[in-house]
Structure formats: C-alpha cells, structure tokens
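Trainee: how does the following fold in three dimensions:
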Amino acid sequence: MQKINIKKLPKSEVEIEGELEADLFEAYFARALQKIGENLEIDGFRKGKVPENVLLSKVPEIAILEEMAQMALSEHYPKILEEEKIDAVSRPEISITKLARKNPLGFKIRTAVLPAIKLPDYKSLAKKILASVTDKEKDTDVTDEDVDNTILDIRKSRAPKKHVADTTPPDPSLSGDENNVPPDKGENKGVPLELPEFNDEFVQALGPFENVADFKTKLKENIKIEKANLLKEKTRVKIIEKIIEDSELEVPDILTELELDKILYKMESDIAGMGLKFEDYLKHLNKTKEDLRKEFRKDGEKKAKLALVLNEIAKVEKIIAEEEAVAKEVAHILEHYKDADPERARMHAENVLTNEMIFAFLENQ
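Mentor: Numbers count the residues shown, from 1 in each chain. Next up, the predicted model:
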C-alpha cells in the first residue's frame, strides 16, 4: 500500500484517499476472471467451466477491472482501518479514481467514525445529583390511599365496557413515553362504569391470592417496589442527561439515522399490534415516513448521544458485562423469541447488561 492520506470532514466523517500498488492490484486479475466465469453462461460450455481464453474474448476488460477493484478493496479496507487506527461506524462510500491494467488502483473512501468525546467529570456530577434527591422523594412508604387508588384502577379495568364508537386511529407519537404506548382515547368518557365488587372471589380471579387481606399485603409490597424503581429511573435520567449536556461530541449522521430506524420500526410494530396498517395510520396523520423522520430527528440524535456517552464511560472505566450473565440473558431471549438472531440477541444482551453496570457504577459515587 502506498500514498494513504486521511482527511477529517465535518460530522465525524473521514475521507481516505490512496493507491494500491500495481503488482498488488494485478494479483487479483485471475481471481476476478474466475469469479465472473462462475456465473457466465456461454453456449457449448457448462456454467463455471468456461476456459480462460474464451472468457477473455467474451468479458469486457472494464468488467474484470471493476471486479478486481471490489475484491482488492474489500480485503484491504479493513487493513487500512487497523493500520490507521480508524474507528469506522458506517458502510464506506467508495469511489475509484484510477482503474487500469498493470497500474496502481486509485480510490477515495468516505466513512463515518466514532467521534472524539470529551466527557465531563461524570463521577462528581452523579454524586451531586444523588445528593440532591430529597427525603420526600426517597420516601417509598405506601399509604392506604395508594392501595385504595390502585384497587379502584383494577376494578375499573375489569368493569364491563359500554362501547361508544370512536373511529379515530390511535397516535403512538402523542404518548410521550419511550415505548410509544397509545394514550387513552377516552372512548368511554361520560359512560358510567358498573364496578365489580371487590371481594375474595374477585382477587382470586386476578392471580394466586388467598383473600382480600392477602391481596392487599402483596399489592402494598408491589407498590413499594414500583415507587423505588420509579425514583431510581428518574435519578438515572437526571444523571445521564446532565452528563450528556456537559459532554463535547459531534454525532455522526449515520448513527442518528440508525436510531431513527429503530424509533420508526417500534412505531410500526405498535401500530401493527393494534391491528392497523401503518400506511393507513400515515394517511390519517396526513404525513409520510420522511415527515416522521424529521419530527423524531432530535429524539434520534439524543439516543445516539446517549449510546456514545455510555460507550465512552464503559471504555474509560473498563466496564465489561460478565460472560456468564450475557450467556444467561441470550438463552432467556432465544427461549422467548424463537426467531431471534443469536448474534443480535448477544449484542442486545451485552448492551443492556453493560449499561446496567455503568448506571450502578454512577449510583455508587
């Protein structure tokens, strides 16, 4: 390899310009010709068994050169990344600048890279936010009112519905939460509910409860756990949002686009789960997929920043998920989702467990 020049571009992209030496490039000629021959059908010859001299008379030289270039760069591109210590995070855009027999192969490659991240003093920030949680916020005691309100909600959810027609499709984008749970459309507003009686028979139908007293005891325990989890989640959000706010980084567009893909995929799945077609949902909103991508762009960028910052903290603090825990989580995913790709399941498990370890590390400051 010779003449490798790396140029930094805006938005955490780089341009790699260079040449592959003539003899290295020429070495791909026979392999490229053979590969083309494998798929070529010529009268009088079996597929993949066409002699080289016949191939040379039938295949344009430019087609052989293009195949040579593709083979050469697919082999040498990873080596360039390794030698130049480039953390590429996207598929490369490759353009050929010189292409001729017995000449160097000239190329330009553009790719997004992991941005340089300047983290704030995240330990001090975490410590400060943890110290700011008030005693009132820390109070997870469950009152009789908490229990009564939850029981009332359960009775309402089990009450027979008196439907009032509402043909408006639900709008997951209005829910405001990460899971895009559709908000209550209020289809029974103004319709009185006949609440079921709260007795032993009612609670036994809900689950393994002996009687009302047993149900209330277990409900109280669950509400306490839920309050503790809610406080933990709110504190974590405050910590990470402050770390992101005080970090210096430039998010590559490709990472924002990937997060947007995930947001829209989740939305489509939710809509399909409601028995609706995504196309009909878009028509109702009078919007296109591109309109939604524009609307959710800030969310996509925020999620990309979160992933980059957590990744950087894990790198600095050498936080790695334990192999045993990852294997256990992968097994759990594959058991519940039979069609899941094992490799993707592993990446997901590593990500979730590593992030949990990062937050635990920040909470222990």
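Trainee: all strands for the protein, in order.
Mentor: 2-9, 13-20, 93-98, 105-112 (DSSP state E).
Trainee: and the shortest one, what does it pack onto?
Mentor: If you count contacts as 3 or more Cβ pairs under 8 Å, 6 or more residues apart in numbering; DSSP states H and E, strand 93-98 packs onto helix 61-83, strand 105-112. (C-beta placed from N, C-alpha, C; glycine too.)
Trainee: could you tell me the angle between that strand and helix 61-83?
Mentor: With axes from the mean of the first three to the mean of the last three Cα atoms, to 10 degrees defining the directions, strand 93-98 sits at 120 degrees from helix 61-83.
Trainee: can you check the last one too?
Mentor: Comparing the axes of strand 105-112 and helix 61-83 via the same axes, to 10 degrees yields an angle of 50 degrees.
Trainee: average model confidence for strand 105-112?
Mentor: Mean pLDDT, computed over strand 105-112, is 95.
Trainee: and the contacts of that strand?
Mentor: 9, 11-20, 25, 68-69, 72-73, 77, 80, 86, 88-99, 252-255 (Cβ atoms under 8 Å, 6 or more residues apart in numbering).
Trainee: one more time with 7 Å, if that's ok
Mentor: Around strand 105-112, the neighbours that count as contacts under Cβ atoms under 7 Å, 6 or more residues apart in numbering are 12-20, 25, 69, 72-73, 77, 88-90, 92-99, 252, 254.
Trainee: so which bits of the longest helix belonging to the chain are buried?
Mentor: Criterion DSSP state H: the longest helix present in the chain is helix 212-246. Buried residues in helix 212-246, counted by 16 or more other Cβ atoms under 10 Å: 212, 215-216, 219-220, 223, 227, 235-236, 238-240, 242-244.
Trainee: for stretch 261-268, same thing?
Mentor: Across stretch 261-268, burial judged by 16+ other Cβ under 10 Å covers 263, 264, 267, 268.
Trainee: show the contacting residues for residue 50.
Mentor: Applying Cβ under 7 Å, 6+ apart, we find residue 50 in contact with 37, 40, 42.
Trainee: can you redo the strands of the chain as TSV with mean neighbour count and distance to residue 360?
Mentor: Below are the strands of the chain laid out as TSV (neighbours: other Cβ atoms under 10 Å; distance: least, Cβ to Cβ, whole Å):
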stretch	mean neighbour count	distance to residue 360
strand 2-9	11	36
strand 13-20	19	35
strand 93-98	13	40
strand 105-112	20	31
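Trainee: mind putting the helices and strands packed on strand 93-98 into CSV with distance to residue 5?
Mentor: Output for the helices and strands packed on strand 93-98, formatted as CSV (distance: least, Cβ to Cβ, whole Å):
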stretch, distance to residue 5
helix 61-83, 11
strand 105-112, 10
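Trainee: residue 153: which of these is closest?
Mentor: strand 105-112 (47.1 Å; Cβ to Cβ).
Trainee: okay, now the unreliable bits of the chain?
Mentor: Along the chain, segments meeting pLDDT under 70 span 1-2, 48, 161-192.
Trainee: follow-up on the earlier one: pick the most deeply packed of the helices and strands packed on strand 93-98.
Mentor: Among these, the stretch with the highest mean neighbour count (mean count of other Cβ atoms under 10 Å) is strand 105-112, at a mean of 20.
Trainee: what pairs with that strand, and is each one parallel or antiparallel?
Mentor: Sheet pairing of strand 105-112 (DSSP bridges) gives strand 13-20 (antiparallel), strand 93-98 (antiparallel).
Trainee: send the alpha carbons of that strand over as PDB?
Mentor: The C-alpha trace of strand 105-112 is given here as PDB (Å, rounded to 0.1, in the frame of the first residue of the first chain):
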ATOM      1  CA  LEU A 105      -5.600   1.300  -8.100                       C
ATOM      2  CA  GLY A 106      -6.600   4.800  -7.100                       C
ATOM      3  CA  PHE A 107      -9.500   5.200  -4.600                       C
ATOM      4  CA  LYS A 108     -11.300   7.500  -2.200                       C
ATOM      5  CA  ILE A 109     -13.200   6.100   0.700                       C
ATOM      6  CA  ARG A 110     -15.600   8.200   2.900                       C
ATOM      7  CA  THR A 111     -16.900   6.800   6.200                       C
ATOM      8  CA  ALA A 112     -18.300   8.000   9.500                       C
END
